[in-house]
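K.L.:
What would the 3D arrangement of this be:
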Amino acid sequence: MSFLMRGALIEYGSDFMGPIPNVVIFQFNPETLTRNVQIPPRATSATARETTQAGEPSVEKITLKASFSAADEFGENKVLARLFGVGTRLAALEKMVYPANELLAAIGAALGLGGDAGGGDPRQSIPRQKLPRILFIWGPYKILPVVLESMSITEQQYDFLLNPVQAEVSMTMSVNAVDMCSTDGVAKGALTYSNMAKDAQAMANLANTAEQIVELIPF
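P.N.:
Numbers count the residues shown, from 1 in each chain. Reported below is the predicted structural model:
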């Protein structure tokens with residue numbers, strides 16, 4: 001059987017599992033992946049100046065549908081599949097759209113660890129919550145920092161405990177154009193690497209079109 005690299009989403013830099021990243025590897029690579037590049041409007045009137053001056057950067061949005069099934073794990077009698085079906089993968093995906101410390105805060109509140117419940121100071125500071133940092137990996141040349149914008153989960157079949165055993169997840173994510181002043185070195189490195197890979201492929205395309213360019217330009 002030939003080797004097939006799988007796509008993945010990796011949540012990093014959160015306290016959800018300590019130093020262990022939250023990783024969801026696509027069980028089946030999506031058959032299609034839509035990339036929509038949203039270009040900010042530019043000055044186009046006849047009297048407008050500097051029409052080629054760059055303003056806001058273009059934003060790339062990626063849409064895909066991932067499928068999950070516990071059928072193979074049932075055949076191999078995997079314990080997690082017997083207990084939860086594909087629920088573990090769905091739960092890991094859902095964690096990527098909520099603030100990273102929400103689970104720990106909820107546990108602390110349930111255990112009464114959120115502060116003095118008695119007659120203490122009623123003023124409480126509102127903790128700042130951060131959304132997870134996520135990398136989208138799609139082959140060796142596309143490793144992108146992304147922000148999940150929407151997620152639609154369709155649970156299709158269930159076991160006797162009503163755990164989903166088959167599901168489809170439609171996701172829309174936007175590539176995070178990391179500011180150079182950002183302290184997120186992982187995101188900056190991933191974006192720089194992916195942009196360099198794209199530049200290299202664009203340069204390689206010149207070799208394919210060199211002769212055609214000569215034919216297009218008659219002078």
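
K.L.:
In this structure, where's the longest strand?
P.N.:
What stands out as the longest strand in the chain, according to DSSP state E, is strand 143-158.

K.L.:
elements contacting the helix or strand just after it?
P.N.:
Of the helices and strands lying after strand 143-158 in sequence (DSSP states H and E), the nearest is strand 164-175. For strand 164-175, the elements it packs on are strand 59-69, helix 71-75, helix 87-94, strand 143-158, judged by 3 or more C-beta pairs under 8 Å, 6 or more residues apart in numbering; DSSP states H and E. For the C-beta atoms, the positions are set from N, CA and C on the backbone; glycine is no exception.

K.L.:
Strand partners (parallel or antiparallel) of the longest strand of the chain?
P.N.:
Applying DSSP bridges to the sheet, strand 143-158 is found paired with strand 133-137 (antiparallel), strand 164-175 (antiparallel).

K.L.:
Measure how far the first one is from the centre of its chain, please.
P.N.:
This means strand 133-137. From the chain centre to the centre of strand 133-137 is a distance of 5 Å (C-alpha atoms, centre = their mean, to the nearest Å).

K.L.:
Now do the lengthiest helix in the chain: distance to the chain's middle.
P.N.:
Counting residues, the longest helix in the chain under DSSP state H turns out to be helix 185-216. Put simply, helix 185-216 sits 23 Å off its chain's centre (C-alpha atoms, centre = their mean).

K.L.:
Please work out the angle formed by the directions of that helix and strand 164-175.
P.N.:
70 degrees (axes from the mean of the first three to the mean of the last three C-alpha atoms, to 10 degrees).

K.L.:
Give the buried residues for helix 185-216.
P.N.:
Using 16 or more other C-beta atoms under 10 Å as the test for burial, helix 185-216 gives 187, 188, 190, 191, 194.

K.L.:
again with stretch 144-162
P.N.:
144, 145, 146, 147, 148, 155, 159.

K.L.:
Report pLDDT for the residue nearest to residue 99 when sequence neighbours are not counted.
P.N.:
Excluding the flanking residues, the one nearest residue 99 by C-beta to C-beta, 6 or more residues apart in numbering is residue 129, at 3.6 Å. Here, the pLDDT recorded for residue 129 equals 70.

K.L.:
separation between residue 129 and residue 22?
P.N.:
16 Å (C-beta to C-beta, to the nearest Å).
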